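A.B. asks: Test case, fold it:
(one chain, ligands or ions: 1)
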Amino acid sequence: MADTSLMDKLVSLCKRRGFVFQSSEIYGGLGSVWDYGPLGVELKKNVKDRWWNAMVHARDDIEGLDAAILMHPKVWEASGHVAGFTDPLVDCRQCKNRFRADDPKIKGTPGQPDAQCPVCGTRGSLTEPRMFNLMFKTFMGPVEDSAAVVYLRPETAQGIYVNYLNVLQSSRQRIPFGIAQIGKAFRNEITPGNFIFRTREFEQMEMQFFVQPGTDQEWFGRWREWRMAWHHSLGLKPARLQWHQHAGSELAHYARAAYDIQYQFPFGWQEIEGIHNRGDFDLSRHQEYSGKKLEYFDQANNQRYLPYIVETSAGADRVALTLLADAYREEQVEGETRVVLGFHPGIAPIKAGVFPLVKKDGMPELATALYHDLRKQLTCFYDDSGAIGRRYRRMDEAGTPYGVTVDGETTTNRTVTIRHRDSMQQERVEVSRVAEYLKQQINAMP
Ligand code: ATP
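C.D. replies: So this is what the prediction gives:
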């Protein structure tokens, strides 16, 4: 059953603690557009860094790319987005709301007298479905006519396809090899929602792997395995991750085979990443529309072919939401409710809180010196206000895995306490060993 109260709690925690704010809030907000605050930006950066590390830095066969958001309009004709990136929509003539034609809240058949608007309840006010393109359109240069139309990219993948020969030649890679990219994408979604799950501006982490035709299914299998292992490495609960295979009728026009990695959100199982065998659809279309040969010459076998593509496409915002939903828990401790974001330390926005137990007896000076040393190596937060218990609770809510407290003993035996967020156990560690200890703990995670 959908746990909507958990989503409400998450949204309010995210605002209160500075993970995510509504865009342009002082003007009443902008529909399904969100801003990341100080903690949120660190969380999302950790997701992107871990992805980039796994996909680019840890491998010899993948190169990075950062293509522009604006591309030649023909790209979107070749990709099929101008003709096909559409959703069927219906309008209510009475209340002017707009819905997807397949919205389960609509009773009856849109366009018919029996159909009922899910918002105002009027019967017979819904129009026949009309196709609506999800791409944001704008104009390049001073003249707003059809010749100047450009689109905000609805996916990052096309920037990779059109650069594939540039990257191949400049990096001296050979097939099989991949190109990875992280960047913004924009979709004028009709039914956005569920916080940062479906937004109109979002970030994708996409990798396109170019392979010899005939080896594509084998690579597709490997990439499915590697991508699921990456989600596990974020510390997500394995029982909340599953595969969803696209049946024939669900397959996108470009796909030979497709699997989604789904996460069990409070609002149900939903896609967080898609892994697709795209065959030679993309390169053959770009070859046709650009008139440029995009074939690969395999010297070893003296063969020329259009590579097939295996794609892995994840959303950085969706992964961030997954981590928040997975980490959130409430516990009863000494008659009080403790809210914890139990992030894997590698993902946590702040790795350690540093506290003087009280603001006297030289403790603030020692704690400040330790904080200045630690923050060169880890993200840290210094807090000297309020009772120590309250400071721990604030760090629990921010998902900070370690609390380092300078107390009376520190001045005499040069040790501090390190408190573990999940177990709340404390241990004493020498001041000179704190940085090394914390780094060891963080790196010990998979
Ligand atoms: P959905 O069916 O949920 O709209 P999709 O199948 O259209 O997703 P893809 O086009 O395969 O999604 O995009 C790849 C990934 O990009 C998705 O798995 C998701 O993580 C992310 N993504 C797509 N659309 C959005 C969006 N509107 N907001 C946030 N992330 C998105």
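
A.B. asks: Can you tell me the closest non-neighbouring residue to whichever residue of the stretch 101-250 of the chain sits closest to the ligand?
C.D. replies: Nearest residue of the stretch 101-250 of the chain to the ligand (Cβ to the nearest ligand atom) works out as residue 202 at 3.6 Å. Heads up, the C-betas are built off the backbone N, CA and C, glycines and all. The shortest distance from residue 202 to any non-neighbouring residue, by Cβ to Cβ, 6 or more residues apart in numbering, is to residue 317 (4.8 Å).

A.B. asks: Please name the residues that touch residue 122.
C.D. replies: Residue 122 makes contacts with 92, 94, 95, 116, as judged by Cβ atoms under 8 Å, 6 or more residues apart in numbering.

A.B. asks: so how many other residues sit close to the residue of the stretch 101-250 of the chain closest to the ligand?
C.D. replies: Residues near residue 202, counting by other Cβ atoms under 10 Å, number 21.

A.B. asks: do residue 353 as well
C.D. replies: Using other Cβ under 10 Å, the number of residues around residue 353 comes to 24.

A.B. asks: And residue 197, by the same measure?
C.D. replies: Counted with other Cβ under 10 Å, residue 197 comes out at 22.

A.B. asks: For it, which non-adjacent residue is spatially closest?
C.D. replies: Spatial nearest neighbour of residue 197, excluding adjacent residues (Cβ to Cβ, 6+ apart): residue 321 at 5.6 Å.

A.B. asks: Let me see the contact set for that neighbour.
C.D. replies: 195, 196, 197, 265.

A.B. asks: tell me the two of the residues you listed that are most distant?
C.D. replies: 196 and 265 (11.2 Å; Cβ to Cβ).

A.B. asks: coming back round to it: assign a three-state SS to the residue nearest to residue 202, would you?
C.D. replies: The three-state label given to residue 317 by DSSP: H, G, I helix; E, B strand; the rest coil is helix.

A.B. asks: how much space is there between it and the ligand?
C.D. replies: Using Cβ to the nearest ligand atom, to the nearest Å, one obtains 5 Å as the distance from residue 317 to the ligand.

A.B. asks: Report how many residues lie close to that residue.
C.D. replies: 24.

A.B. asks: Next: residue 216.
C.D. replies: 23.

A.B. asks: ok, it - contacts?
C.D. replies: Per Cβ under 8 Å, 6+ apart, neighbours of residue 216: 256, 277, 279, 308, 310.

A.B. asks: chain center to the helix or strand hosting the last one, what's the gap?
C.D. replies: It stands for residue 310. Assigned by DSSP states H and E, residue 310 belongs to strand 308-315. The gap between where strand 308-315 is centred and where its chain is centred comes out at 15 Å by Cα atoms, centre = their mean, to the nearest Å.

A.B. asks: list the contacts for residue 424?
C.D. replies: 333, 392.

A.B. asks: And what about it, helix, strand or coil?
C.D. replies: coil.

A.B. asks: For the residue nearest to residue 238 when sequence neighbours are not counted, give me the pLDDT.
C.D. replies: Counting by Cβ to Cβ, 6+ apart, residue 238 lies nearest to residue 232, which is 6.2 Å off, once chain neighbours are set aside. On pLDDT, residue 232 comes in at 97.

A.B. asks: which of the residues in the helix or strand containing residue 232 are buried?
C.D. replies: Here residue 232 sits within helix 216-233, counting by DSSP H and E. Under the neighbour-count criterion of 16 or more other Cβ atoms under 10 Å, helix 216-233 has 216, 219, 220, 223, 224, 227, 228, 230, 231 buried.

A.B. asks: With only the CA atoms kept, save it in CSV.
C.D. replies: What follows is helix 216-233 as a C-alpha-only set of coordinates in CSV (Å, rounded to 0.1, in the frame of the first residue of the first chain):
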residue,chain,number,x,y,z
ASP,A,216,25.0,-6.9,-28.2
GLN,A,217,22.9,-9.4,-26.1
GLU,A,218,26.0,-10.6,-24.3
TRP,A,219,26.9,-7.0,-23.4
PHE,A,220,23.3,-6.2,-22.5
GLY,A,221,23.5,-9.0,-20.0
ARG,A,222,26.7,-7.8,-18.5
TRP,A,223,25.5,-4.2,-18.2
ARG,A,224,22.3,-5.3,-16.5
GLU,A,225,24.4,-7.1,-13.9
TRP,A,226,26.9,-4.2,-13.4
ARG,A,227,24.2,-1.6,-13.1
MET,A,228,22.2,-3.5,-10.4
ALA,A,229,25.5,-4.1,-8.5
TRP,A,230,26.1,-0.3,-8.6
HIS,A,231,22.7,0.4,-7.0
HIS,A,232,23.4,-2.2,-4.3
SER,A,233,26.8,-0.5,-3.6
